[in-house]
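1. Give me a 3D structure for the following:
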Amino acid sequence: MINPVWLRSFCTLVEVGHFTRTAERLHMTQSGVSQHVRKLEEQLELSLLVRQGKQFTLTDAGERLYREANVIVESLSDLERRVGADPAFEGLVRIKSPGSVGLKLYPHLLTLQQRHPGLIIDYRFAPNSDVERAIAEYRVDVGIMTKPASRDEVGFKPVGEEALLLVTPEGMEEPSWDQLMALGFIDHPDGAHHAGLLLGANYSEFHHSNQFPPAGFSNQISLILEPVSRGLGFTVLPAYAIEAFPQPDKVKTHRLSTPASETLFLSFRRNQPLPNRVSTVIGAMREGLGLNAGDSPEMV
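-> This is a model prediction of the structure:
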């Protein structure tokens, strides 16, 4: 392959028309420019210049090489600019989070994408373990988790709290333990954990969610309240999932006397510089959570 540095020297020489000024432009010596031209001639086994004292003219081969090489040199220069660019509102940003906070953030990030169409949002819903693994394996740029990261390569920073709430069918006021037992529990992947945090703090009878008669299960965050709205049971969910339910008049949300919540952790690769586009999205995520977007995203 022809050395692109030699091509750059040759094309600059043709454009400037003078060896000394070419050397000055390229921050080289004049002998270095001459050497690059000689190396090209040796590799191609063709004369490229007809030297006339301090002047020169191009041979036919030199003319052809300049036309072809100039395109290559310009392309390489453009490549350098593109690789070095770090735009704040262009490029793909991959995000993972549990579904509840995702229901809150995804529409907010789509609004950001509408304002900046060059920014592409790839948002996936997943449990904490999958979020952490994806960050560790470089498959996502940033995530939200509801527990601190356990892997050394994944950093995290608390960015907020999400309340856990008891949800029953409409019309039920201050549900007693017996009423909950009669309804039965609509379970979901985090159901036992959420019920343990909230119900364990408010009902002395509670030991585990499996005390309740099973009334259904869904692993789709947007559908968990559907059976509740039909009077088939109760559940415990994070507030953002409840806010996103399209039929709020069909369910009753209860804030119990002893509140319970989950901490939200912003998580991504530890010690990896953040591209500007990722910082932009992190700022928008913080705004979506009602936080100060200007706070530092540094990890712990």
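
2. Wait, a helix at Ser261?
-> No. Judged by DSSP: H, G, I helix; E, B strand; the rest coil, Ser261 forms no part of a helix; its state is strand.

3. For it, list the residues it contacts.
-> Ser261 sits next to Glu161, Glu162, Ala163, Leu164, Leu197 when contact means Cβ atoms under 8 Å, 6 or more residues apart in numbering. C-beta: built from backbone N, CA, C; applies to glycine.

4. Which of the residues you listed fall within strands?
-> The strands, defined by DSSP state E, take in Glu161, Glu162, Ala163, Leu164 from the contacts of Ser261.

5. what about Val37, is that helix, strand or coil?
-> On the basis of three-state DSSP, Val37 is classed as helix.

6. Skipping adjacent residues, who's closest to it in space?
-> Nearest residue to Val37, sequence neighbours excluded (Cβ to Cβ, 6 or more residues apart in numbering): Phe10, at 5.8 Å.

7. The one you found: helix or strand, and which one exactly?
-> According to DSSP states H and E, Phe10 maps onto helix 4-16.

8. Tell me the helices and strands packed up against that helix.
-> helix 19-26, helix 30-44, helix 60-84 (3 or more Cβ pairs under 8 Å, 6 or more residues apart in numbering; DSSP states H and E).

9. Save those as TSV, and put in mean pLDDT, mean neighbour count and distance to Met1 too.
-> Listed next are the helices and strands packed on helix 4-16 as TSV, based on pLDDT from 0 to 100; neighbours: other Cβ atoms under 10 Å; distance: least, Cβ to Cβ, whole Å:
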stretch	mean pLDDT	mean neighbour count	distance to Met1
helix 19-26	91	17	21
helix 30-44	93	16	9
helix 60-84	85	13	11
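
10. Now tabulate those helices in JSON lines and tack on distance to Gln272.
-> Shown next, in JSON lines, are those (distance: least, Cβ to Cβ, whole Å):
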{"stretch": "helix 19-26", "distance to Gln272": "35"}
{"stretch": "helix 30-44", "distance to Gln272": "38"}
{"stretch": "helix 60-84", "distance to Gln272": "18"}
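
11. right, so of the ones you listed, which gets closest to Ile135?
-> Each of the helices and strands packed on helix 4-16 has some distance to Ile135 by Cβ to Cβ; the shortest is helix 60-84, at 24.4 Å.

12. Can you check what angle separates the closest one from helix 4-16?
-> Taking axes from the mean of the first three to the mean of the last three Cα atoms, to 10 degrees, helix 60-84 and helix 4-16 form an angle of 110 degrees between their directions.

13. Name the SS class of Asn271, please.
-> Recorded secondary structure, Asn271: coil (three-state DSSP).

14. Quick one: the helices in the stretch 51-200 of the chain, in order.
-> With DSSP state H, counting those that start in this stretch as the criterion, the stretch 51-200 of the chain has helices at 60-84, 99-115, 128-136, 177-183, 191-202.

15. Who are the packing partners of the second one?
-> Translated: helix 99-115. Looks like helix 99-115 contacts strand 91-97, strand 119-125, strand 142-145, strand 235-238, helix 239-243, helix 276-288 (3+ Cβ pairs under 8 Å, 6+ apart).

16. which residues are in contact with it?
-> With Cβ under 8 Å, 6+ apart, helix 99-115 has contacts from 95, 97, 119-121, 123, 125, 144, 146, 162, 220-222, 237-241, 243-244, 264, 280-281, 284-285, 287-289.

17. Of these, grab the buried ones for ChimeraX.
-> Only the buried entries of those go into this ChimeraX selection, using 16 or more other Cβ atoms under 10 Å:
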select :95,97,119,121,123,125,144,146,162,221,222,237,238,239,240,241,244,264,280,281,284,285,287,288,289
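
18. can you give me the angle the helix or strand bottoming out on mean pLDDT in the chain makes with helix 30-44?
-> Least confident helix or strand of the chain, by mean pLDDT, DSSP states H and E, is helix 60-84 with a mean of 85. Helix 60-84 and helix 30-44 are oriented at 110 degrees to each other (the same axes, to 10 degrees).

19. packing partners for helix 60-84?
-> Applying 3+ Cβ pairs under 8 Å, 6+ apart, one finds that helix 60-84 contacts helix 4-16, helix 30-44.

20. Tell me the helices and strands packed up against the last one.
-> The reference is to helix 30-44. Using 3+ Cβ pairs under 8 Å, 6+ apart as the test, helix 30-44 ends up in contact with helix 4-16, helix 19-26, helix 60-84.
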